[in-house]
Every structure is written in C-alpha cells, then in structure tokens.
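Q: Model the structure of this input:
(chains A and B)
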Amino acid sequence: MRPSVVSVIGLALVAIVAVWLGVNLVKTPELFFNVFFIGLTNGAVYALVALGYTLVYGILQLINFAHGDVFALSGLVASTVLFSVIGIGADSSSAAVAGGILLGLLITMTFFALFNAGIEFVAYRRLRNAPRLAALITAVGMSFIVQNVGLAIYDVDFRSASQLLPRTPVFEIGDVAYPWNKFVVVLITVPTLIALTWFVRATRQGKAMRAVAQDREASSMMGINVNRTISVTFALAGALAAVGGMLFLLQFNMRYDTGFELGLIAFTSAVLGGIGNLTGAVLGAMLIGFIQAFNEGLTWYTPGSDWTRSIVFGILIGVLVFRPEGLLGERTPEGA
Amino acid sequence: MAERAGAAADLARRVLRHGGTLAIVLVVLAVLYPTYVGWLSSLPLVGDFTPSVAGLVVIIVFTMMAVGLNVVVGYAGLLDLGYVAFYAAGAYTSAWLASQHFSQTSRHIGSAGLNPELPGIHMSLWAVLLIAGLFTALTGILIGLPTLRLRGDYLAIVTLGFGEIIPQFVRNGDNLFGFNLTNGTFGISPIDAPGFGESLNTTLGLPVNYQQSFQRESLFFWTALALLLFTVFCCVRLRDSRLGRAWVAIREDETAAAAMGVPLMRTKTWSYAIGAFFGGIAGAYYASFKSGAFPADFYFNISIFLLCMVILGGMGSVWGAVVGGVILGWLNVEGLATIGSKIAQTTGVNLEVPKYQFGIYGVIIVAMMLFRPSGLIAERRHKRELEEGVHDDEPMYEDRHT
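A: Numbers count the residues shown, from 1 in each chain, chains lettered A, B, ... in the order given. This is a model prediction of the structure:
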C-alpha cells in the first residue's frame, strides 16, 4: 500500500536526522546548546513572518508573495525610526533603548498594518473573483514592487541595529550562554503571540476572521463585513511582519532583498506546520529555525550554510509530496 | 445564415492571410537586420534605441524561453516560477559537452574547426543543442512527477524551490565528493561555438566555426532566429494538437477534463517536458554565444522576467509571448539604460532606471493583471476564461441550492 511506503520513508528521514542530532550532542554538547539558542531566535523571527502567510492564506487562499518583502521593508523603516526619529544609539542607557525599541515597534507596527492593508486594497481586492492564478501572479509582481521601494529608499546598503543590545548572558552554564540580545527576541515574540491568540480566539473581529476563512459567502450573509475582515487580516499580518522586521534588525544585517529568502523560509515554515493553522506556523517556524541553525552551526557531518537554501526547499518539497496538509493541518477535500 | 457563415469564414481567411503576410515581412526584416543596423543606429532619435546585433541575440534567446514558458503557464495553466532551472540545465549541458571542463579526457565528436588535440569533451554544438533540450526535458519530468499533483499555488512555490535549488547545486557543485562537476562560482568557460566544419565549408560555403568568423554576431543572430522560428512553429502546431487541446481543457477545469478522460498527470508532465525542452535549447545556445555558463546568471528574477514576458504578451498566445519577449528583452538589453540616460540628459535627474528594472517588471505584472489580464495579444479563449472566471472556483451559493 502506498501510504505505508511513504510513511516508512518519512520516518526513516526523521530517524536519520534524530541520530545525526544525537551524535552531535554527544560530541560537542556546548556547541549544541549554543546553536540551539540561535535556532530559537531565528525560529521566533520566522514564526512572526510565517503567521502573516498563514493568516492571509487562511482567509483568501492566496500565497502573499509580497509578505517577505513587506517584512524586509519594515525592518529597514525600523532602522530609520530607531536612529533618526527616536534617536537612540549604542551609547544610550538601557532604559532608553528598551523604551525606544517599544516605541519604534508601535510606530512600525501601525505603519505596516496600514501598508499591508493598502496592498490588499490596491492589488488583490479587484481580483477576488478572478482565477486564483491571477491573484498569485499579482502577488509576485507586488513583491518586486515592494522590494524596489526598499531599494529606492535605502539603496543596496545593509542596515543593522545589533549594536543596541548587550551581549551579556542572561544565564550561563559552563560554556553555554544565553545572551540578552537573543533573549529579547523571545521576550517580544511570546507576548505578541499571546496577543494574537487572544485576538483571534476572543474578540468579535477574530471570530469574524475565522468565519470568513471558513466560508466567505455564508459569513457575508450572516452580516459580517467581509471586506473589512480581510483588511483587518492583512493589517494584522503587516503588524506581525513589522515585529519580525524589528527583531531581525536587532540581530542581523538586512537590506532591501533580505525579504526574498526569509519570506521563502517563512512560507516553508507555514506549509510545514499546515498552512492556515496558526499554531502550525509557529511550530513549523521553530523547526525550520532549529534545522537551519543546526545545519550551519554543528560540525559532525554537516552540509553547512552553502546548502541551507537547498535543505529548506528540500523540506518544503518533501512536506508537499509526503504530507501536503502539514504537521498540524487537516486534509481538505481538494487536497493540497 | 449560411451566407453570413461564409462571409465570416472569408473574413477569417483574409485576416489569417494578412497575419501570414505580416509574419513573413517581419521575418524578412529580422533576417536582414545585420545589414541595416548600422544605418538604423546612425539615425537621430531611433538610433539611440537600436539594439546591436549581439543584443538582439540575447533578446531572441529570452523570447525563445518565454515561448517555452508559455507552453507551461499559458497552455496548461501551471504557474512555473522556476523556469530558470531549465535555462541553467541547458547552459550546463553545453558547458559539459562542448568545453575543456572535463580535461581528464579528450573526446571530439563532430566538433567544428577545433584543434583535435584540445582536452575535454567537444561535441558538435548542433548535437549539444538537441541533447540539452532532451536532458532538460528529462529534468522537467523529474521535477514534475512529484509536484504536478499539487494544486496551482503550491506548484508555483515548489517550482520556485527547484529554481533555487538547482543554481545552488551548481554553485556548490565544484566538490561533490571530490568531483568537480560545475566548477563552482567560477563557472565553465570558454564554451565552443557552433559551426559546420571544413568539408561543408568547402562544398557549401558554410562557416567553419562561428567563433573564428568575421561575422560572429550575425551568424549567431541568424541561427538564433532560426531556433526561435522553430520554437514558434512547434508551439503553434502543439496548441492545435490533441495534446494542446488537452492542456487547455486542464487549464479551464481540471476536474471536468479528468472526467472527460484526459490523463491529468501525463498531460501536465508533457507540458513540463516540452516547456523545459525549449528552455534547455535556449539555455545551451545562449551559453555557447556567451561562451560560458556562470551560476550568477541563474537567479530567481530571471524566472519572473520570463513570466512577465508571457503575461505582457498574453498567456496562452504564442505571438503574445514573442511580442512580450521582444519588448521586455529590448528593455532589458537596451531600452531601460537608454531611457535612463535620456531622462538624465533632458532633466538632469539621474534616476538609475536599470537598477529598478525588476520593480518596473513588477509594475507591469500588477498593472496587466489588474487592467488587461489577457495581455497585449489576447488569446480569445483565455480571455473568456478570465472574464467569466470558469477556473477552479468554488461552487456558487445558487448552484448548491437549486
């Protein structure tokens, strides 16, 4: 029977990865845990972007290609907001840095919520009843437009705000250290995710979102304002991308085209977790974050960063072939 | 009624004849291009926008890829965002089979006008083009088999994934368990040029080897044109074939097509293989023209550039793909830079237009999808499809309750 063959192959792959991780853990335990924290940090950023893909897909069945570029642009704008508008620098006091980051987050989240809703209004709304391919192609075009907006404003230079955060450890066990600059990512991501869950589960607008995701026509007959609900979804996705952009800026260098690769990674995460499923997106993003970090950081039989992209796409293709509904998704009647 | 039908048929015939005449005139004008390009570029205003013959070769090669991509995207309605993978596969086939890369051996199979002592594999470029097409078609089938079962938007992402993996594989392929397959980031260069060899040169006067000819660019140009015409011919014939009608049926409604007995997987895989075939030939030929295959050439944006050509011209329309390909190819090779410098000259503002080329293509894509989704040269059937939305929409509320 075919499914059993498929699951045997899948389980074998998982087993190989588990053995590989185990050997690495025994050989270089300190490295393993340090890399683990890098993975946690990356995964958190991916999760924020992946949620944007999943939210939009859930409600429109549209892969919003432009989302990765919205993320990149938000990070670049965050650098302007932090350094030029708020005016904090490496020599500011910790309180000023913390306040500045929170204020900057508030500004970029608001701005990119509006920006993303604007994209939907300009580009996707007219195509809502067109063939699905039309909207998808438009999203690809939109992605290039947003990317070039970043190029026009910020040129090809890299930006970073990693100097703002201290690298002193939160805790230290032997050679394993968890620095503050990485902890900040978790510190911001967790409340964001809690707030998102609360919004989707408990508010009236969140309920409307879930209803529209299930059946757009039926919910419009129940008196739900579908257009507004879709706008809100895009705004939410934009705000999450802005959080991701800020966190990425606080860790790494980024420029106008960072969003392409990161967007693909985030999309892969969303598919891995089961697209349309919020918990799945976070789970998938964490897994991808760990896989990437282990691949780039460990030493025993590791392909290395040259192959990261191939591995991520290999996972994507593998998931789509073996388990198209993702880890937590439900199998839809139309398949994937 | 019969009279009207007769008149309509007559009209159709006239249009066809005119279209045919137009096509022939265009082809003749194109063939003669190297003879009047000098005069054209000396003209006051037009001259600045005239591409060189070498530039035109690039335009034609990309147009050929656009026509190939049109088979996948336009005919079968499968969004392929990784067409660059086929381009890369074709380019590296000619790099492997017609260069000094595998210097461990020295094999000459019909190589034209080369020193027979030269190390490496040197096959006749004509054979290489065919092999590149077949190899790339095989790649297309291999990519297609696991992925074509997926729904349209997932397929797009997976093809995009392959379009990213293959260049990365090429970039890292200089040490595959100790074997140098692709020479890594340095790429493989030089690559042999096509030619007809000594005996055909003496009997028919055909050039021995393009590279050694005084007319290098023109020869490459005429051959490219011939390849493009061959591609267009194949694609027009395919469109009206049984296979072509099966593609259109799948594009319009997959479920209905399957119910009518169209084998979905096989038909879709064929569209992949054939689209890839032309991409492979174009890639191999371009590598020979540039005399090199470099991994930096194969990036995602190329796939989008080609897609933009197909969309601008009109999905599903062969002539549309040609027109879109020529317009965008020209913009890429010549137009944007010239427009940029013109703007700088007249207004004094340096906009660096070429830097934003992909932003411009993005604007074209979005504008076309919003305002004229059927493209410049609309294919009638596809236009109806877009307007009426017969694609895989969910059943309407009314349908379910009557």
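Q: Please enumerate the helices of the stretch 1-150 of chain B.
A: With DSSP state H, counting those that start in this stretch as the definition, the stretch 1-150 of chain B shows helices at residue ranges B:2-31, B:33-41, B:53-70, B:84-97, B:125-147.
Q: can you put these in JSON lines and add distance to residue A:130 and mean pLDDT?
A: All C-beta atoms are positioned from the backbone trio N, CA, C, and that covers glycine. JSON lines is the format used below for the helices of the stretch 1-150 of chain B (distance: least, Cβ to Cβ, whole Å; pLDDT from 0 to 100):
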{"stretch": "helix B:2-31", "distance to residue A:130": "29", "mean pLDDT": "71"}
{"stretch": "helix B:33-41", "distance to residue A:130": "39", "mean pLDDT": "82"}
{"stretch": "helix B:53-70", "distance to residue A:130": "20", "mean pLDDT": "93"}
{"stretch": "helix B:84-97", "distance to residue A:130": "26", "mean pLDDT": "92"}
{"stretch": "helix B:125-147", "distance to residue A:130": "24", "mean pLDDT": "90"}
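Q: Highest mean neighbour count out of the ones you listed?
A: Mean neighbour count, computed with mean count of other Cβ atoms under 10 Å in any protein chain shown, is highest for helix B:84-97 among these, reaching a mean of 29.
Q: circling back: of the helices of the stretch 1-150 of chain B, which approaches chain A most closely?
A: helix B:125-147 (4.7 Å; Cβ to the nearest Cβ).
Q: and the residue of the stretch 51-200 of chain B found nearest chain A, what element?
A: The minimum distance from the stretch 51-200 of chain B to chain A, using Cβ to the nearest Cβ, falls at residue B:161 (3.6 Å). When secondary structure is defined by DSSP states H and E, residue B:161 falls within helix B:152-172.
Q: I'd like to check the angle between that helix and helix B:125-147, please.
A: Helix B:152-172 runs at 130 degrees relative to helix B:125-147, counting by axes from the mean of the first three to the mean of the last three Cα atoms, to 10 degrees.
Q: Beyond helix B:152-172, next helix or strand please.
A: Under the assignment DSSP H and E, the closest C-terminal helix or strand after helix B:152-172 is helix B:197-204.
Q: quick one: buried residues of stretch B:161-172?
A: Neighbour counts using 16 or more other Cβ atoms under 10 Å in any protein chain shown place B:161-172 of stretch B:161-172 among the buried residues.
Q: pLDDT on the helix holding residue B:161, on average?
A: Model confidence over helix B:152-172, given as mean pLDDT, is 81.
Q: repeat for stretch B:180-200
A: Stretch B:180-200 comes out at a mean pLDDT of 82.
Q: re earlier: nearest spatial neighbour of the residue of the stretch 51-200 of chain B closest to chain A, skipping sequence neighbours?
A: In space, residue B:161 comes closest to residue A:313 once its chain neighbours are excluded; the distance is 3.6 Å by Cβ to Cβ, 6 or more residues apart in numbering or on different chains.
Q: Give me the helices and strands touching the strand or helix carrying the one you found, please.
A: Here residue A:313 is covered by helix A:308-322, with elements defined by DSSP H and E. Using 3 or more Cβ pairs under 8 Å, 6 or more residues apart in numbering or on different chains; DSSP states H and E as the contact criterion, the secondary-structure elements in contact with helix A:308-322 are helix A:2-27, helix A:258-273, helix A:278-297, helix B:125-147, helix B:152-172.
Q: model confidence over it, on average?
A: The average pLDDT within helix A:308-322 is 81.
Q: Give me the neighbour count for the nearest residue to residue B:125 once chain neighbours are set aside.
A: Once flanking residues are discounted, residue B:125 sits nearest to residue B:194: 3.6 Å by Cβ to Cβ, 6+ apart. Residue B:194 is surrounded by 22 other residues when neighbours are defined as other Cβ atoms under 10 Å in any protein chain shown.
Q: Indicate the residue of the stretch 151-300 of chain A located nearest to chain B.
A: Ranked by Cβ to the nearest Cβ, the top residue of the stretch 151-300 of chain A for proximity to chain B is residue A:217, at 5.2 Å.
Q: what comes into contact with the helix or strand that contains that residue?
A: The secondary structure element spanning residue A:217 is helix A:216-221 (assigned by DSSP H and E). By Cβ atoms under 8 Å, 6 or more residues apart in numbering or on different chains, the surrounding residues in contact with helix A:216-221 are A:208, A:211-212, A:226, A:229, B:397.
Q: Equivalent analysis for stretch A:149-166, please.
A: Contacts with stretch A:149-166, where a contact means Cβ under 8 Å, 6+ apart, come from A:69, A:72-73, A:75-76, A:78-79, A:82-83, A:88-90, A:92, A:94, A:97, A:101, A:179-181, A:184, A:249-257, A:259, B:355-356, B:359.
Q: repeat for stretch A:174-184
A: When contacts are taken as Cβ under 8 Å, 6+ apart, the neighbours of stretch A:174-184 outside the stretch itself are A:30, A:33-34, A:37-38, A:40-41, A:101, A:162, A:165-172, A:247, A:250-251.
Q: hmm, back to that, quick one: closest of the helices of the stretch 1-150 of chain B to residue B:282.
A: Of all those, it is helix B:53-70 that lies closest to residue B:282, at 4.2 Å by Cβ to Cβ.
Q: Quickly check: the closest one near chain A or not.
A: No - Helix B:53-70 stays out of contact with chain A when judged by Cβ under 8 Å from any Cβ of the partner chain, the minimum separation being 12.6 Å.
Q: Same check on stretch B:374-381?
A: No - contact check for stretch B:374-381 against chain A, using Cβ under 8 Å from any Cβ: none in range, with a minimum separation of 10.3 Å.
Q: Please tell me how far the residue most central in space within chain B sits from residue B:80.
A: When chain B is reduced to its mean C-alpha position, the closest residue under Cα atoms, centre = their mean turns out to be residue B:65, at 0.5 Å. Relative to residue B:80, residue B:65 is positioned 11 Å away (Cβ to Cβ, to the nearest Å).
Q: got the end-to-end distance for stretch A:112-131?
A: For stretch A:112-131, the separation between the terminal residues is 28 Å (Cα to Cα, to the nearest Å).
Q: For residue A:155, what are phi and psi?
A: phi 60, psi -160 (degrees, to the nearest 10).
Q: re earlier: for the helix holding residue A:217, what is the average pLDDT?
A: The pLDDT scores in helix A:216-221 average 91.
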